[in-house]
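Fold the following and give me the result.
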Amino acid sequence: MSISLVSNAYLDEASSKIRSKPVPWEGYQRADLIASEELALIKKVDKQPRARIEQILLSDLQTYAHLYFRLLKKLQRVDTMQCLLVLIADALFDHEERIPVFLRTAEADPDLPFLPLLSLESTPLPVQHLKPFLSTLASLVQGPAPNKRDVAVQCLESLLARRDCRQAIWAVPGIIAGSIEILKHRPGPQMSCQVAFCFWLLSFEQNVAEELDKKYDVIPLLIDVAQGAVKEKVIRVVVATFRNLVTKAPMANLPAMLAAKLLPFVKNLYTRKWQDEDILEDIQYLRDELNTNFQSLTTYDEYTSELSSGYLSWSPVHESDEFWKENASRMNDDDCKQLQILLRLLKESTDPLVLAVAVQDIGQYVKHTDRGKKLVEKYSGKARVMELMTHEDSEVRYRALIAVQQLVSQPWAAV
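Residues are numbered from 1 along each chain as shown. So this is what the prediction gives:
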């Protein structure tokens with residue numbers, strides 16, 4: 001990680017204010033919180049011009065590395081800790097070769113609080129130090145302050161570049177959920193690219209590639225980001241992420257991609273001119289994989305893929321009596337697996353489009369299979385369908401009313 005990577009106007013302004021704010025070093029010495037020798041050392045650099053501090057560090061870097069961390073461990077006042085962190089950051093600015101000197105202070109005291117520096121070293125990061133740092137990043141990513149979110153996302157980009165950090169970050173749901181929310185609020189091109197870059201780095205991990213869309217419905221969101229992008233770099237990183245998801249976990253992601261209509265979008269991308277030639281290779285790979293998968297699907301396969309993705313839309317099958325006449329009974333196969341997936345969407349989704357389509361499907365299912373009414377009742381779907389008649393969305397209410405009519409009008413059949 002380059003230590004100049006985290007660059008933010010808010011952070012620069014805050015650092016300037018911290019540098020100018022007085023710290024009661026003499027008071028700490030009188031209260032026996034710091035030794036007289038430590039006071040003498042810190043006064044040599046406190047509120048001094050950067051050139052003067054540089055001269056001191058050139059001749060006595062190890063002493064000051066230990067000093068800064070000892071004081072950071074001893075003194076708990078926020079403004080004092082901020083001052084020390086700024087002194088450390090200033091010492092490292094444009095001097096990455098100094099990092100090992102600061103990190104070696106842990107040899108004298110393994111408890112030294114050097115969390116701000118951990119991500120700068122190539123050795124594996126101690127989990128006990130990384131966890132609280134990630135917790136802080138999660139709160140910043142989910143917080144209301146855009147400047148702090150920006151800093152947090154830049155930190156995540158740097159950490160995710162290290163394989164040993166990816167699983168730890170994946171294990172913090174707040175970071176992933178917060179990143180998803182950032183994209184949902186349509187940020188500018190730079191932030192969109194940075195967050196998508198984080199997902200790209202995560203997608204190199206096998207378990208993440210298998211679970212990312214299942215847990216966070218990220219595929220339709222990333223498609224939306226790419227479709228609205230005005231910068232090529234945003235599309236580039238989204239397409240690269242999709243390629244990783246297909247390469248690592250095709251069974252988990254291709255159905256969701258087809259259901260979210262990625263194939264026509266990728267075909268459109270293939271016709272465009274690109275400054276970056278590598279993007280065309282990724283687009284062609286996606287087009288070929290999606291097309292092969294699409295050609296092998298029957299209509300019912302398409303429907304079950306859409307169900308598995310959790311992203312329902314008004315594709316023709318949902319209102320086709322012919323489709324339901326031929327396939328409604330297949331929903332009962334494998335202990336009613338597909339019916340249970342449909343009912344789970346009906347119970348758990350908050351998206352009005354998904355709810356409207358799902359409740360429409362319940363009506364079609366009941367209409368075209370003798371066992372439908374009893375099975376919907378068995379899996380606790382009837383009450384949910386009736387609840388949706390009072391949903392705030394008019395389309396959901398209308399589709400729920402039709403489904404209830406089917407539930408009421410169909411005769412009971414023996415199971």
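
going forward, measure contacts between C-alpha atoms and count neighbours the same way
OK.

show me where pLDDT drops low in the stretch 151-300 of the chain?
Confidence mapping of the stretch 151-300 of the chain against pLDDT under 70 gives the ranges 296-297.

again with the stretch 301-415 of the chain
The stretch 301-415 of the chain contains residues with pLDDT under 70 at 410-415.

Tell me which residues of the helix or strand where residue 85 lies come out buried.
Residue 85 belongs to helix 78-92 when assigned by DSSP states H and E. Under the neighbour-count criterion of 16 or more other Cα atoms under 10 Å, helix 78-92 has 80, 81, 82, 83, 84, 85, 86, 87, 88, 89, 91, 92 buried.

helices or strands up against that helix?
With contacts taken as 3 or more Cα pairs under 8 Å, 6 or more residues apart in numbering; DSSP states H and E, helix 78-92 sits against helix 9-20, helix 50-74.

residues in contact with the next helix-or-strand element following the shortest one?
Translated: helix 9-20. Where DSSP H and E defines the elements, the next helix or strand beyond helix 9-20 is helix 25-30. With contact meaning Cα atoms under 8 Å, 6 or more residues apart in numbering, helix 25-30 is reached by 34, 35, 36, 39, 43.

Give me the neighbour count for the fourth one.
When neighbours are defined as other Cα atoms under 10 Å, residue 39 has 16 of them.

Likewise for residue 51?
Counted with other Cα under 10 Å, the neighbours of residue 51 add up to 9.

try residue 147
As a burial measure, residue 147 scores 15 neighbours (other Cα under 10 Å).

Phi and psi next, for it.
In terms of degrees, to the nearest 10, the main-chain angles of residue 147 are phi -60, psi -40.

what distance separates the helix or strand that comes right after the helix holding residue 85 from the middle of the whole chain?
Downstream of helix 78-92, the next assigned helix or strand under DSSP H and E is helix 99-103. Here helix 99-103 shows a centroid-to-chain-centroid distance of 31 Å under the convention Cα atoms, centre = their mean, to the nearest Å.

repeat for stretch 71-85
So, by Cα atoms, centre = their mean, the centroid of stretch 71-85 is 32 Å from its chain's centroid.

And for stretch 276-290?
Distance of stretch 276-290 from its chain centroid, counting by Cα atoms, centre = their mean, is 24 Å.

Stretch 232-242 too?
Stretch 232-242 sits 15 Å away from the centroid of its parent chain (Cα atoms, centre = their mean).

so how far is residue 132 from the residue lying closest to residue 361 once chain neighbours are set aside?
Of all residues not flanking residue 361 in the chain, residue 318 sits nearest, at 6.1 Å (Cα to Cα, 6 or more residues apart in numbering). To residue 132, residue 318 is 48 Å away according to Cα to Cα, to the nearest Å.

Residue 53 contacts residue 45, doesn't it?
Yes. Between residue 53 and residue 45 there is a contact at 5.6 Å, judged by Cα atoms under 8 Å.

Assign residue 370 to helix, strand or coil.
Under DSSP: H, G, I helix; E, B strand; the rest coil, residue 370 falls in the coil class.

Give me the residues contacting the one helix or strand residue 346 maps to.
Residue 346 belongs to helix 333-348 when assigned by DSSP H and E. Residues from elsewhere that reach helix 333-348 (Cα under 8 Å, 6+ apart): 304, 307-308, 310, 331-332, 354-355, 358-359, 362, 379, 381, 384-385.

name the helices or strands packed onto the one helix or strand residue 152 maps to?
Here residue 152 sits within helix 146-160, counting by DSSP H and E. Helices and strands touching helix 146-160, by 3+ Cα pairs under 8 Å, 6+ apart, are helix 9-20, helix 127-142, helix 163-170, helix 189-202.

what about 7 Å?
Secondary-structure packing of helix 146-160 (3 or more Cα pairs under 7 Å, 6 or more residues apart in numbering; DSSP states H and E): helix 127-142, helix 189-202.

the inter-axis angle of the shortest one versus helix 163-170?
Direction vectors for helix 189-202 and helix 163-170, defined by axes from the mean of the first three to the mean of the last three Cα atoms, to 10 degrees, enclose an angle of 110 degrees.

quick one: buried residues of the next helix or strand along the chain from helix 189-202?
Moving toward the C-terminus from helix 189-202, the next helix or strand (DSSP H and E) is helix 206-216. Neighbour-count burial for helix 206-216 flags 208, 209, 210, 211, 212, 213, 214 (criterion: 16+ other Cα under 10 Å).

Skipping adjacent residues, who's closest to the fifth one in space?
By the measure of Cα to Cα, 6+ apart, the closest residue to residue 212 outside its immediate chain neighbours is residue 218, 6.8 Å from it.

Would you mind putting the CA coordinates of stretch 235-250 into CSV?
What follows is stretch 235-250, C-alpha atoms only, in CSV (Å, rounded to 0.1, in the frame of the first residue of the first chain):
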residue,chain,number,x,y,z
ILE,A,235,-17.5,-0.3,-16.4
ARG,A,236,-14.1,-1.8,-16.5
VAL,A,237,-14.0,-2.8,-12.8
VAL,A,238,-17.6,-4.0,-12.8
VAL,A,239,-17.0,-6.3,-15.8
ALA,A,240,-13.8,-7.6,-14.2
THR,A,241,-15.8,-8.4,-11.1
PHE,A,242,-18.4,-10.3,-13.1
ARG,A,243,-15.6,-12.3,-14.8
ASN,A,244,-14.2,-13.3,-11.4
LEU,A,245,-17.7,-14.3,-10.2
VAL,A,246,-18.3,-16.5,-13.3
THR,A,247,-14.8,-18.0,-13.2
LYS,A,248,-14.8,-18.8,-9.5
ALA,A,249,-18.5,-19.8,-9.0
PRO,A,250,-20.4,-20.1,-12.3
